[in-house]
Structure formats: structure tokens, C-alpha cells
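1. Quick one, structure for this:
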Amino acid sequence: MGRSLGLPDDAFEQRRPNKGQITKREVRAVSLYSLGLRHDSVVWDIGAGTGSVSVEAALIANRGQVYAIERDTDSLPLLEANVSRWGSENIHIVSGEAPSALEGLPSPDSVFVGGSGGNLSEILEYAASRLNPEGTVVVNLAVLDRTQEAYRLLKKLGLTTELTQVSSARGKEMADGAVRLESLNPVFVVSARRGN
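-> Numbering: from 1, shown residues only. Coordinates of the predicted model:
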């Protein structure tokens, strides 16, 4: 493919006026690392949105398969455009709502949940039931209540679970040339691994 990881956020087509509904580069880096991807991984990206995680995951899992699941018909054209521009032949777009849209897919080594459409518990239960040995589930959340719910449920499902908060800030040049830091919204990353 000839490019490295770490595409800037503005490299992806995004929804307008809701620009910014994307897994930010800093959070994407932590999430991709937490997924424990291998070259031959089968990846489910649930709530793929505009595809930033799918595109970067496909670069790592270049001999595997990435399934980008998205239910929002407004996001699908943007997802298709981003996969066409940055993706590869190993990304498969699945239009539909999880968990039902997951039923025909191969069992995953890594599951990323970036959006749940209100079905978080059902998605996590289904993903855990299909997860391959030593597989990983990573959930990005902005709300503490849902974060605790995801953490407790994944632990209850028998997975070794961790919680990380990613807080970052980006430099922004001011009119006088000085640079100040502009904070991005913090994101909670719940990661869970299945043993052998």
C-alpha cells in the first residue's frame, strides 16, 4: 500500500456539519494497539462510522480480513469513499445493525466497538460468544456510565479487562504566532482479552 500508520483525521471524509465524529488519531493509536492485531487477524469494526479504524486496522492485518459494520445510511457513502481511497481489498463493508449483522461473519480475533446504536450489552455478549481464543475486544466510550457497564459486562463474560482514559491536546497557533494547547474530549478505552 506504500503508506504508514497514522493518517491525520482530515484525511478521512467526514459527516458535515458533524465533522469530528471520527475516532481521533491519538485515540485510534491506543485502540489499534489494544486490539493486538496480527497480520492474519479477522477484525470486526462495529459502528465503523467513516472507517478510520477499519482503514488503519487493514494496514496491520494486511493478510487478514476487516469487516466494517455500519447501520447509519448517511455514513455509508463516506465509509465507502474512505475505504476506496485509503483501504485495501481486505476491508468488507457490512451495512446493518449489530449484533444481527454479525451473524454471517467469520469469528473474530479482534473486535472494535466505536458505536453501538444503543445495543452495547447485546453487542458485547455476542462478540464475546464468537471471539477466538486469545481474542480481544476494545470499546471506545465518551460516557462514564456506559464505560462502567462495558467494563463490568466484559469482566462478567470471563475476559481479562482493562480501562484506560485517553486525554490529549493539540497545538493551535494563535494570531500572534504563539502556540496554545486545545484539549480534545477524553475517551475511555475498555479492552478485554480472552485467554486460551
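2. what about the helices in the protein?
-> Counting by DSSP state H, the chain has helices at residues 25-35, 52-60, 76-86, 120-130, 144-156.
3. tell me what the lowest-mean-pLDDT helix or strand in the chain is packed against?
-> Least confident element among the helices and strands of the chain, by mean pLDDT, DSSP states H and E: helix 76-86 (a mean of 87). Contact analysis of helix 76-86 by 3 or more C-beta pairs under 8 Å, 6 or more residues apart in numbering; DSSP states H and E lists helix 52-60, strand 65-70, strand 91-95 as its packing neighbours. Heads up, the C-betas are built off the backbone N, CA and C, glycines and all.
4. Which one of the helices of the chain lies nearest to residue 182?
-> Closest to residue 182 of the helices of the chain is helix 25-35 (C-beta to C-beta; 12.6 Å).
5. Which positions in that closest one come out as buried?
-> The neighbour-count check on helix 25-35 (16 or more other C-beta atoms under 10 Å) flags 25, 26, 27, 28, 29, 30, 31, 32, 34, 35 as buried.
6. From residue 140, how far off is the fourth one?
-> Think residue 28. From residue 28 across to residue 140, the span is 9 Å (C-beta to C-beta, to the nearest Å).
7. which stretches of this protein have low pLDDT?
-> Counting by pLDDT under 70, the ranges of the chain that qualify are 1-23, 196.
8. what about residue 166, how many residues close to it?
-> Neighbour count for residue 166, taken as other C-beta atoms under 10 Å: 18.
9. Next up, the contacts around it.
-> 26, 27, 30, 186, 187, 188, 189 (C-beta atoms under 8 Å, 6 or more residues apart in numbering).
10. And residue 96, by the same measure?
-> By C-beta under 8 Å, 6+ apart, the neighbours of residue 96 are 69, 71.
11. what about 10 Å?
-> Each residue near residue 96 by C-beta atoms under 10 Å, 6 or more residues apart in numbering is listed here: 69, 70, 71, 102, 103, 104.
12. Out of those, grab the one that's most surrounded.
-> Top of these by neighbour count (other C-beta under 10 Å): residue 70, with 29 neighbours.
13. Just the endpoints, please. Distance across stretch 111-127?
-> End-to-end span of stretch 111-127 (C-alpha to C-alpha, to the nearest Å): 7 Å.
14. whoops, stretch 93-111 was the one
-> Start-to-end, stretch 93-111 (C-alpha to C-alpha) is 15 Å.
15. Please point out which parts of it sit buried.
-> 93, 94, 97, 98, 99, 101, 102, 108, 109, 110, 111.
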